[in-house]
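S.K.: Here's my sequence, what's the structure:
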Amino acid sequence: PVPIDYTLVPRVTYTSPEVASVGLSEPQARERGHAVTATQYSFRGNAKGIIHDSDGFVKVIAETGGEVLGVHVIGPHATDLIAEAQLITAWGALPSEVAQLVHPHPTLAEAMGEAHLAAAGTPFHAH
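M.R.: Okay, here's the model as predicted:
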């Protein structure tokens, strides 16, 4: 049997606001010897977030110039948004690869795309 990498199991907390994460945190990544870049995208720069006056963010932890090591979401529907992040992290995707995906507009899911666009150095919206 293949051993389970428990860092790739999404962690969700049903509070207000919701909290969700998958992969490594910044400190965990550094402890494992990774040179990391952390990029945070606020729901305040997201059309759906603005419509619903939502606070929150998506934070991407990536190896500098490399793959996504972890994603953290705080805010409305964080527990739903983390599913895409689990695939991104488990597949070792680069932020630039995720940045090419199209997310429907207006949705909070766009925040996941925007965070990866920013992590790739090509932010579409900045907030």
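S.K.: For this protein, which segments count as strands?
M.R.: In the chain, the strands defined using DSSP state E lie at 11-13, 19-23, 36-42, 57-63, 68-74.
S.K.: Paired strands for the second one, with orientation please.
M.R.: Pointing back at strand 19-23 there. The strands beside strand 19-23 in its sheet (DSSP bridges) come out as strand 11-13 (antiparallel), strand 68-74 (antiparallel).
S.K.: got it, and the third one?
M.R.: As defined by DSSP bridges, the strand partners of strand 36-42 come to strand 57-63 (antiparallel).
S.K.: returning to what we had before: return the most buried member of the strands paired with strand 19-23.
M.R.: strand 68-74 (a mean of 25; mean count of other Cβ atoms under 10 Å). From N, CA and C alone the C-beta is placed, and that goes for glycine too.
S.K.: What segments of the chain are helices?
M.R.: 26-31, 47-51, 78-90, 95-98, 109-119 (DSSP state H).
S.K.: okay, and the helix or strand of the chain with the least pLDDT?
M.R.: helix 47-51 (a mean of 71; mean pLDDT, DSSP states H and E).
S.K.: Appreciated, that's everything.
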